[in-house]
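Asker: give me the fold of what follows.
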Amino acid sequence: MPVLGQGVVPSASPLGTELQYVTRRAFVKKLVVQIYNTSPLTAALIANAQPASGGVSSVTIPAQGAQFVNMQWVGYDGSFNQPVVQPGVTNLEFDLKGAVIPIPYLGFEGLLQDSHDVIPLMAARMNDAGNVYCDGLATALANNINNTQQVIGLPGAIDDSTNLTTYGGINRSTNTWWKSKRYAMGSVNPTRALVMQNITGTFKNCGEIPTFGLMGPATWQTLANDFLPNESYVITPEKGFDQEPWGARSAFRALMVAGVPIYCDPYITEGTAYYFNAGYGAFYIHERAAFAFTGFESTLSNNQLGYIGAVVSLLEFVLGKPKSCTVATGYTFVTI
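Answerer: From the prediction side, this is the model:
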């Protein structure tokens, strides 16, 4: 294996140590990634991603916020009042957000690994770029409200104006059809009965059942504990997340409540439950910046041997019908 500090091999620095770790012989030929979580929400949204094409910097979605026509009851003669044209379409505007992951390949890294590589640094870094993207997206989805350089997260999208008054250019205070249902649970453990109440409230608000629910691990475990006394603890009977028509391959399973799978997502804030309708929420990704790789360019112009490339994306999370989703806050949870 390379000896640190000799020849062109870097001295005992982070760069030299990394090179030594991945090029020594008699080594397990797999880099075991330790630092990332995975998210069922991110997996579902990537699987259901929609293209944004052309020279666009935003996504426009026409939405009906008022009725176009009125019904009239008529008598035997069939006469009715003259109808009035009623405008009801509003354009929703969502700005695309840019993200970039620079990938360096500097100095003599390639030459030093030419014949003894066990885990090629470039393959490891490219794989890491995918993990970093998913981690960054999942973090923003679970938390972001007001950072205009990141995708808008669930706290802003699934909201009744508590967190975000204007979403997609529409003011929720004056357009109540643009509000999600919100429950303040009042410091109680999540149970099947309470989760079913949240689901039923969603149906009452929009006439549709959510596709799935999301909870943080400790909150999800607290709900799971409610299944145990009756020995009816079920983890997604018959099929898993990867078999759902809107899902991507994932290791997740769910607790079923009223036919709705409730997933454990490590990025979701503990004490909060989201009920999501996958028919209206998706990533809109620019077709020319859909996690695209720029290719490598020489760094010689900066007086540095090597190359640098970048993975880039231009996207936004868009929820086209917030009232189809619900948020419940204030659940208590166990320590895990």
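Asker: and the longest strand anywhere in the chain, how far out from the chain's middle?
Answerer: Counting residues, the longest strand found in the chain (DSSP state E) is strand 306-319. Taking the mean of its C-alpha atoms, strand 306-319 sits 15 Å from the chain's own mean (CA atoms, centre = their mean, to the nearest Å).
Asker: the next helix or strand after it pairs with which strands?
Answerer: Under the assignment DSSP states H and E, the closest C-terminal helix or strand after strand 306-319 is strand 326-331. Sheet pairing of strand 326-331 (DSSP bridges) gives strand 181-188 (parallel), strand 273-276 (antiparallel).
Asker: and among those, the most buried is which?
Answerer: strand 273-276 (a mean of 27; mean count of other CB atoms under 10 Å). All C-beta spots, glycine's among them, are computed from the backbone N, C-alpha and C.
Asker: what is the mean pLDDT for the longest strand of the chain?
Answerer: Across strand 306-319, the average pLDDT comes to 90.
Asker: over to stretch 273-284?
Answerer: 94.
Asker: and the lengthiest helix in the chain with strand 306-319, angle?
Answerer: Assignment by DSSP state H gives helix 121-143 as the longest helix of the chain. Calculated by axes from the mean of the first three to the mean of the last three CA atoms, to 10 degrees, helix 121-143 forms an angle of 30 degrees with strand 306-319.
Asker: what packs against helix 121-143?
Answerer: With contacts taken as 3 or more CB pairs under 8 Å, 6 or more residues apart in numbering; DSSP states H and E, helix 121-143 sits against helix 14-23, helix 40-47, strand 97-106, helix 154-157, strand 306-319.
Asker: quick one: strands adjacent to the longest one?
Answerer: What it means is strand 306-319. strand 97-106 (antiparallel), strand 281-286 (antiparallel), strand 292-293 (antiparallel), strand 297-298 (antiparallel).
Asker: which residues touch the spatially closest residue to Y280 that is not a sequence neighbour?
Answerer: With sequence-adjacent residues excluded and distances taken as CB to CB, 6 or more residues apart in numbering, Y280 is closest to K321, at 4.0 Å. Contact analysis of K321 by CB atoms under 8 Å, 6 or more residues apart in numbering lists A63, C206, N277, Y280.
Asker: quick one on the thing from earlier: can I get the helices and strands packed on helix 121-143 in TSV with mean neighbour count and distance to Q197?
Answerer: Putting the helices and strands packed on helix 121-143 into TSV (neighbours: other CB atoms under 10 Å; distance: least, CB to CB, whole Å) gives the following:
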stretch	mean neighbour count	distance to Q197
helix 14-23	16	52
helix 40-47	24	22
strand 97-106	15	35
helix 154-157	24	20
strand 306-319	20	22
